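>>> generate coordinates for the sequence data below:
(chains A and B)
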Amino acid sequence: MSDAPIIVSASPHVHSDRTSRKLMYDVVIALVPAFLVSVYVFGIPALITTVTAVAACLIFEYLIQKYLMKVPVTIADGSALITGILLAFNLPAGIPLWMIAVGGLVAIGIAKLSFGGLGYNVFNPAMAGRVFLLVSFPVQMTLWPTALENNTSLVDAITGATPLGMIKEGVQYGQSMSEISASLPSALEMFLGVTGGSLGEMSALALLLGGAYLIIRRVISWHIPVTVLATIAVMTAIFWWLDPEHYANPLIHILSGGAILGAFYMATDLVTSPVTKKGMVVFAVGIGALTVVIRLFGAYPEGISFAILIMNAFVPLINTYFKPRRFGSRIKAKML
Amino acid sequence: MLRTFPKGGIHPPENKLTSGRPIRRLPLPKEVYVPVSQHIGIPAEIVVDRKDKVQRGQVIAKSGGFVSSNIHAPVSGTVTKLDKIIDTRGYKKQCIVIRTDPRDPSNLEEANYPLIDEITTEPSEILERISQSGIVGLGGATFPSHVKLHLREGQHLDCLIINGVECEPYLTADHRLMLEKGPEILVGIRILMHALGVPRAIIGIENNKRDAIAIFGELTRGNPDIRVAALQVKYPQGGEKQLVRALLNREVPKNGLPLDVGVVVHNVGTIFAIYQAVQHNRPLTERVVTVTGKRLANPSNFWVRIGTPVADLIAAAGGLPEGTRKIVSGGPMMGKALKSTDVPVTKGTSGILIIPEDEASRGEPAACIRCGECVSVCPMGLEPHLLMNLTEKSMFKRAAAEDILTCIECGSCSYVCPSHRPLLDYIRFGKSITKQLEPKNPAP
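Numbers count the residues shown, from 1 in each chain, chains lettered A, B, ... in the order given. Next comes the predicted model:
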C-alpha cells in the first residue's frame, strides 16, 4: 500500500459522474442554437447584448461574493453564465448597455445572492432581472428591432411590434382577429424565427432543439415544458373557439412571445421549480394559466415572465403539499 | 418489459469482474477470529475456554436468545484466546481465536458431498436444524433465519421468494453459487416450502445473470410450484421490500415485514446453507466471498471459512495493488469501509472490494440545487434533501413525521446527488437520533 492513509468513509463508495457543473454547462449547450439564430436575425447587437449580460452577471457575482459577502467565489459553476444568457434572451437587441448591466445587478445581486446564492434563491434570477427592467424602462424594453432588415446594422434603426403586441394593440383598437392576422407573420415564420421580439424567443425550432437536448440528457424532465405549453394551448383554444374574432388561435400563442423559451429554460430552472413530478405539473399548469390570463386580459401583451415569478413564490408550498407517495403507505396491501 | 419495482432506483456501472470466475477454495487460514456477534440480535455466549480443543462444526458460542444465533467452530484446532478485536463495522467485539490444526482430517473435508435430493426430515425438525446450525441471512442483513421462519398465530404465508438479485455492483458470490450449486439450492427451496407448508416459490434473478436464469429455468422445468423470474437490472432490487413489489406487486406496509403480505424472502446463499444443514447436518462454517477491484491482479470468488482475516483473501487474489486507498467489506453501495485488513470474514461478508486512489475520495459537497434527483431515485418515496436539511437543523420530530425511519440506507440519493451532498450520512445520523426519541425505544 502507498504511504497515503487509507480512507474510511460511510457508504456509498461510488458516485454517478453527473455533477452540478455538468448540468449547468448542458443548459449552456442547449442555448447555443437559439443564440445563433438571434445573431443571424439581429446581427451584431444580439452578440453585444448577450456578451454584456453575461459579463455583467459574472462580474457582479464576483464582486459581491468577494467583497460584500466575503464567501468563496462561485462564478465558475456555470449558473451566473446561464443567468446572463437567459437575461439577454429576454431583452430586445440593441437595448442600452447600461440597462443590461442594471438587469444583471438585479438578477445576481438581488434575486440570487441576497437570498444566499445558488440553491437558495426563490425567484429565477434572469426573470427577476427582466421584469425589473420591464417595469422600470417600459419604452426601451419594448422597442423591438425588426428582424432581418437591420441584420448588419449596429443600431436599432427600424423597430416593429411583436406578434403578441400587435394582437393586444389591435384588440384594444377594436380590430377583429381577421384584420389583425393580416399583418401577423405566418406560423412558419414564427416557428423558424424571423419576427420581432426578444433575442432568444425568436426561433421555436432552435429552442425546441435545445429543449430536446436537455430532456435527452435528463437535465430537465418533460413535465414542466409540456404542461406549460399544453395549458397555454388548451386555454387559448377555448377562448378562440368561443370567439375567434377576439382571440388569437393557440398556434400563435405557442409560437409567439416567450412561451417556448419560458417553458423549456426558465420554468425548468432546477432551483426555483418543485422537486416532485406531481409538483412540477401543478407548477406548470399555474404558469400556463397565468400566462394566458395576462396575455388575454392584462395590460402587457406577454405574461410568461410574470407567471413564472408568481409561481416561483408558490414552489415551497407546492413542495410541502405534493410529496412523493411513501412506499408502504398504501392502505390495503394488494394481494394476488 | 422485465419486471422491476416501480419507484426510484438507479443503475450504477455493474463491474461484475468475477462473474466468470469459478469459486475457489481459499487455503486453510492459520488462525481464525470468530466474533460472537455476527448477526442482528443478542450476541452468542461463549461455551469454550482457552486451550480447549474444538472440532469443526462444534458449537463454540450458544445462541443468546430467540433473536440470536449459534456460532460454530469454522476449523478444527485449539482455542488460543478469548479477546476483543475490531470487526468489519469498526467496533471492538468479543471474539474466539482458534489456531488451526493442519493435520486434523476434518479441516480438509470439501463441501462437495453428493446431492441428497430426497427430503426426509419433518417440518418441525427442519426448523430446529436451521435454528441450531447458526444460519443467518447471508445476503448481508445477517438476520437469524429461524426467526423469519417462525410464523405467529394468524400469519398466513402463500409465497416463498428466493433472492438471487445481487444488485450491488461488483459482487458475484450469489451469482457463482447459483451457477455451481443450482441443484442443491433447488433442494433447499423445497426443504423450506416443505417446512413452511407454502405452496409456491419464486426465484428472482436480475437479467445480467442470464446463465443463472437459464440454469434455474432448466431445473424448475415441469415444476409448476417453483418459478424463475428475470428482473430488470436496477439497484436496490435486492432489498426485500423492492423485491416483493417487483415479483408479486405487493407492497410491504410501512414499518412492516414481508410476512405481513404473506411472503418470506431468503437469499440464495442462505438457501444453500439451509440445504447443507438439513441434508448433510453441517452447520454454517463457511461462505462464498467475492474479492474484487479494478486494479486487483486476480479478482476471485472464494469459499472462505468464517473468521479468516481479510488480509488472507486479498493475498490470494494477488495482493493489495499499489495505490489502494479504500477497502470495503461488501459492495460499493452499502459496504463498510475497513480500517485494517486484520478484520475477519463473518457470516455477513459477501465481498471485499479494493478501491484505487482515483475513486476513493468523495467529491467536494456544494449547495443543494433542488434538482430533485434524490427524490426521484429514492425507492422508499422519501425526500432525502429534506431529511438531510431537517437533520442538520436538529428537527428530529419533523424528520420522524417525514418517515426518516423507513429509509433503507441504499445510498441511491448520495450516489446521484450532482452537488455531492452527503445525504445518507445525515439521514443515518438523523435516524439514530430519531430512534432514541421514539417512546417505545427509549435511549439506552
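>>> confirm that B:Lys93 sits in a strand.
Yes - counting by DSSP: H, G, I helix; E, B strand; the rest coil, B:Lys93 falls inside a strand.
>>> which residues does it form beta bridges with?
Counting by DSSP bridges, B:Lys93 is bridged to B:Ile85.
>>> longest helix anywhere in chain A?
Determined from DSSP state H, the single longest helix within chain A is helix A:20-42.
>>> can you pull the buried residues of that one?
Residues of helix A:20-42 classed as buried by neighbour count (16 or more other Cβ atoms under 10 Å in any protein chain shown): A:20, A:23-27, A:30-31, A:33-35, A:37-42. Quick note: C-beta positions are derived from backbone N, CA and C, even for glycine.
>>> so which of these are also by chain B?
Among the buried residues of helix A:20-42, proximity to chain B is found for A:20, A:23 (Cβ under 8 Å from any Cβ of the partner chain).
>>> what comes into contact with the helix or strand hosting A:Asn319?
A:Asn319 belongs to helix A:304-321 when assigned by DSSP states H and E. Helix A:304-321 has contacts (Cβ atoms under 8 Å, 6 or more residues apart in numbering or on different chains) with A:90, A:122-124, A:127-128, A:130-131, A:134, A:257-259, A:262-263, A:266-267, A:272-276, A:279, A:282-283, A:286-291, A:294, A:300.
>>> walk me through the domains of chain A.
With domains defined by automatic domain parsing, chain A comprises A:20-140, A:181-321.
>>> chain A contacts on the stretch 201-350 of chain B?
Selection of the stretch 201-350 of chain B residues close to chain A by Cβ under 8 Å from any Cβ yields B:241, B:245, B:248-256, B:260-262, B:320, B:322-328, B:330, B:332-339.
>>> drop anything exposed from the residues you listed.
Restricting those to buried positions leaves B:241, B:245, B:248, B:250-254, B:261-262, B:320, B:324-328, B:330, B:332-338, with burial counted as 16+ other Cβ under 10 Å.
>>> in helices only, show me these.
Among these, the members falling in helices (DSSP H) are B:241, B:245, B:248.
>>> correct me, but the second one touches B:Arg3?
Right, B:Arg245. No - judged on Cβ atoms under 8 Å, B:Arg245 makes no contact with B:Arg3 at a distance of 9.5 Å.
>>> now the residue in the stretch 1-150 of chain B that chain A sits nearest to. Its backbone dihedrals?
Using Cβ to the nearest Cβ, the single residue of the stretch 1-150 of chain B nearest to chain A is B:Pro12, 5.8 Å away. Note on B:Pro12: its backbone torsions stand at phi -70, psi 160 [degrees, to the nearest 10].
>>> and the closest residue to it other than its chain neighbours, what does it touch?
Nearest residue to B:Pro12 in three dimensions, chain neighbours excluded: B:Pro169, at 5.3 Å (Cβ to Cβ, 6 or more residues apart in numbering or on different chains). Counting by Cβ under 8 Å, 6+ apart, B:Pro169 touches A:14, B:12-16, B:235, B:331-333.
>>> secondary structure element for B:Pro169?
Applying DSSP H and E, one finds B:Pro169 in no helix or strand.
>>> let me know the pLDDT of it.
We have a pLDDT of 96 for B:Pro169.
>>> can I have stretch B:284-293 written out in CSV, keeping just the CAs?
Provided in CSV are the C-alpha atoms of stretch B:284-293 (Å, rounded to 0.1, in the frame of the first residue of the first chain):
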residue,chain,number,x,y,z
LEU,B,284,-22.7,-22.7,8.8
THR,B,285,-18.9,-22.5,8.9
GLU,B,286,-18.0,-21.1,5.5
ARG,B,287,-19.4,-18.9,2.8
VAL,B,288,-18.7,-17.5,-0.6
VAL,B,289,-16.9,-14.2,-0.7
THR,B,290,-16.1,-12.1,-3.8
VAL,B,291,-12.7,-10.4,-3.7
THR,B,292,-12.7,-7.8,-6.4
GLY,B,293,-11.5,-4.4,-7.6
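>>> does the spatially most central residue of chain B belong to a helix, a strand or coil?
Closest to where the C-alpha atoms of chain B average out (Cα atoms, centre = their mean) is B:Gly140, at 1.6 Å. Put simply, B:Gly140 is coil when judged by three-state DSSP.
>>> so where's chain A shaky on pLDDT?
Residue ranges of chain A with pLDDT under 70: A:1-4, A:146-161, A:183, A:193-196, A:330-336.
>>> all strands for it, in order.
For chain A, applying DSSP state E gives strands covering A:144-145, A:159-160.
>>> the first one - contacts with which helices or strands?
Here strand A:144-145 is seen to pack against strand A:159-160 when contacts are counted using 3 or more Cβ pairs under 8 Å, 6 or more residues apart in numbering or on different chains; DSSP states H and E.
>>> least confident secondary structure element in chain B?
In chain B, the helix or strand scored least confidently by mean pLDDT, DSSP states H and E is helix B:105-108, which has a mean of 76.
>>> buried set for that one?
Buried-residue list, helix B:105-108, by 16+ other Cβ under 10 Å: B:Asn107.
>>> indicate the residue of the stretch 151-300 of chain B located nearest to chain A.
Proximity of the stretch 151-300 of chain B to chain A (Cβ to the nearest Cβ) peaks at B:Lys254, 3.8 Å away.
>>> what's the closest non-adjacent residue to that residue?
Computed as Cβ to Cβ, 6+ apart, the closest residue to B:Lys254 that is not its neighbour in sequence is A:Gly328, at 3.8 Å.
>>> repeat for A:Tyr300
Nearest residue to A:Tyr300, sequence neighbours excluded (Cβ to Cβ, 6+ apart): A:Ile294, at 6.1 Å.
>>> burial measure for that neighbour, as a count.
19 (other Cβ atoms under 10 Å in any protein chain shown).
>>> ok, it to B:Ser106 distance?
Here A:Ile294 is placed at a distance of 85 Å from B:Ser106 (Cβ to Cβ, to the nearest Å).
>>> between the two ends of stretch B:375-392, how far is it?
Distance across stretch B:375-392, first residue to last, is 18 Å (Cα to Cα, to the nearest Å).
>>> quick one: mean pLDDT over the helix or strand hosting B:Leu82.
For B:Leu82, the host element (DSSP H and E) is strand B:77-86. Strand B:77-86 shows a mean pLDDT of 92.
>>> hang on, the residue of the stretch 151-300 of chain B closest to chain A packs against A:Arg325?
No - using Cβ under 8 Å, B:Lys254 makes no contact with A:Arg325, being 11.2 Å away.
>>> and the gap between the residue in the stretch 101-250 of chain A positioned nearest to chain B and A:Ala107?
Of all residues in the stretch 101-250 of chain A, A:Gly119 sits closest to chain B, at 3.6 Å by Cβ to the nearest Cβ. Using Cβ to Cβ, we find A:Gly119 at a distance of 16 Å from A:Ala107.
>>> show me which of the two is the more surrounded one.
Comparing A:Gly119 with A:Ala107 by other Cβ under 10 Å, the one with more neighbours is A:Ala107, at 33 against 18.
>>> dump the residue contacts of the more buried one.
Neighbour list for A:Ala107: A:57, A:83, A:87, A:125-126, A:128-129 [criterion: Cβ under 8 Å, 6+ apart].
>>> apart from its chain neighbours, what residue comes closest to it?
Nearest one to A:Ala107, counting by Cβ to Cβ, 6+ apart, is A:Gly129 at 3.2 Å.
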